[in-house]
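>>> Next input, structure requested:
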Amino acid sequence: MKKLFYLFLLFPLLFIACSDDDNNKIKFYDANTPPERITEIEIGTRSAGEKYSFAFVKGGSGVYNTTSSNQDVIESENIWIEDYYGGYMNTLSFIIKDAGETIITVTDSKGNAATLKVTVSATSQKFLVSEPALQINDMVAGLKTAISEDVEQTNLLANNSFILTYTGKEEGNVQIYSDAYAENEIATGRFRFELQEGNQMSILFLILEYGGREHRYQYVSDNAPLSQKSNYYRIKLGENLTEYYQNKYDGQYPAGTVSEVKYYFTVSSAG
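This is a model prediction of the structure:
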């Protein structure tokens, strides 16, 4: 099944009548009602890595060739013009490789040509950490202290902030800061979202890789998903650290063993 991103759920079969000479020209259109001629589009990197349709193409002979001026942004081999609505129009699809600018040139068998400027901007989201809570059960005081100190050294803390910069639909780079203003960077790494299917329900994880470790933060509750554009929202995340600390402190504290360790915090975002 073709992925038609941004476009095509309800697209009217309506184009303004043109002269025969104008019909021979290759033209690009958006998905407005009625459709409007375009010469450039702007896209975010969250669309990178997968094939999506971003515009309509009309006119020309119907036999097209396509090229990209910047192979680092969109490779020429990853551009397609495909039939839509039984030949009445065509979709322009491509795979974004990275942020930047490129010019897509479309030519036909009769020598007609048209260009579309594509600007790909980095999609990023900033989050502030608050309300951390460490849950430790059934252990001796020395072990609790050791785990508490380790969490403070290796995990996200109150007033930390982090920025997710997408290089694909559900993955990208993460920058972590010690302050709420994202001025003092303390770690960098990668992030991804992972949906774990279950019999009763599915569990969504935000996975951050930084400091030589992978942190699997489970969505505990939220009032808006990370991907939703809203002015302000809060999300509670939790990480089950039981197995990690069982392995880390195995045999070091004979008087007590790790039975359960969970770490929770809230992240909020504005903009």
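
>>> Next SSE downstream of the longest strand seen in the chain?
When the chain is scanned for its longest strand (criterion: DSSP state E), the result is strand 124-137. Counting by DSSP states H and E, the element after strand 124-137 in chain order, helix or strand, is helix 141-154.

>>> Now that following helix: buried residues?
Within helix 141-154, the residues that qualify as buried are 143, 144, 146, 147, 150, 151, counting by 16 or more other C-beta atoms under 10 Å. Where C-beta positions appear, they are placed from N, C-alpha and C, glycine not excepted.

>>> I figured the second one hits residue 136, correct?
Yes - if you go by C-beta atoms under 8 Å, residue 144 and residue 136 touch, sitting 5.2 Å apart.

>>> picking that back up, go through the buried residues of helix 141-154 and name the one nearest residue 128.
Nearest to residue 128 among those is residue 151, at 18.5 Å by C-beta to C-beta.

>>> for the stretch 51-200 of the chain, what spans make up the strands?
Secondary structure of the stretch 51-200 of the chain (DSSP state E, counting those that start in this stretch): strands located at 51-58, 64-68, 79-84, 89-95, 100-108, 113-121, 124-137, 161-166, 171-177, 185-196.

>>> right, so of the ones you listed, which gets closest to residue 25?
Of all these, strand 113-121 comes closest under C-beta to C-beta, at 7.0 Å.

>>> Next, the angle strand 79-84 makes with the closest one.
Between strand 113-121 and strand 79-84, the angle formed by their directions is 110 degrees, by axes from the mean of the first three to the mean of the last three C-alpha atoms, to 10 degrees.

>>> Buried ones in strand 113-121, by neighbour count?
Of the residues in strand 113-121, those scored as buried under the neighbour-count criterion (16+ other C-beta under 10 Å) are 114, 115, 116, 118, 120.

>>> Save those residues as CSV, and put in distance to residue 208 and pLDDT too.
Compiled in CSV, the buried residues of strand 113-121 are given as follows (distance: C-beta to C-beta, whole Å; pLDDT from 0 to 100):
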residue, distance to residue 208, pLDDT
114, 43, 97
115, 40, 97
116, 36, 98
118, 30, 97
120, 24, 96
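
>>> Point out where the stretch 51-200 of the chain drops to low pLDDT.
Scanning the stretch 51-200 of the chain with the threshold set as pLDDT under 70 gives 86-87, 138-139.

>>> how far away is the residue nearest to residue 127 when sequence neighbours are not counted from residue 96?
The spatial neighbour of residue 127 that comes closest, neighbours along the chain excluded (C-beta to C-beta, 6 or more residues apart in numbering), is residue 267 at 4.2 Å. Remark: distance between residue 267 and residue 96 (C-beta to C-beta, to the nearest Å) = 27 Å.

>>> now do residue 35
As it turns out, when the distance is counted by C-beta to C-beta, residue 35 lies 23 Å from residue 96.

>>> The two: which is more packed in?
Here residue 35 and residue 96 are set side by side on neighbour count (other C-beta atoms under 10 Å), and the busier one is residue 96, at 26 against 20.

>>> tell me the contacts of the closest residue to the more buried one other than its chain neighbours?
Using C-beta to C-beta, 6+ apart and skipping the chain neighbours, the partner closest in space to residue 96 is residue 48 (4.2 Å). Taking C-beta atoms under 8 Å, 6 or more residues apart in numbering as the criterion, residue 48 is in contact with 95, 96, 97, 98, 120, 166, 167, 168, 169.

>>> try 7 Å
Going by C-beta atoms under 7 Å, 6 or more residues apart in numbering, residue 48 touches 96, 97, 98, 167, 168.

>>> correct me, but the third one touches residue 72?
Yes - counting by C-beta atoms under 7 Å, residue 98 does reach residue 72; the two are 5.7 Å apart.

>>> Those two: which has the busier surroundings?
Under the criterion of other C-beta under 10 Å, the comparison of residue 98 against residue 72 puts residue 98 first, with 14 against 11.

>>> Can you name the residues that contact the more buried one?
Residue 98 makes contacts with 48, 72, 73, as judged by C-beta under 7 Å, 6+ apart.

>>> Can you check the pLDDT for the first one?
It stands for residue 48. Among the per-residue scores, residue 48 holds a pLDDT of 92.
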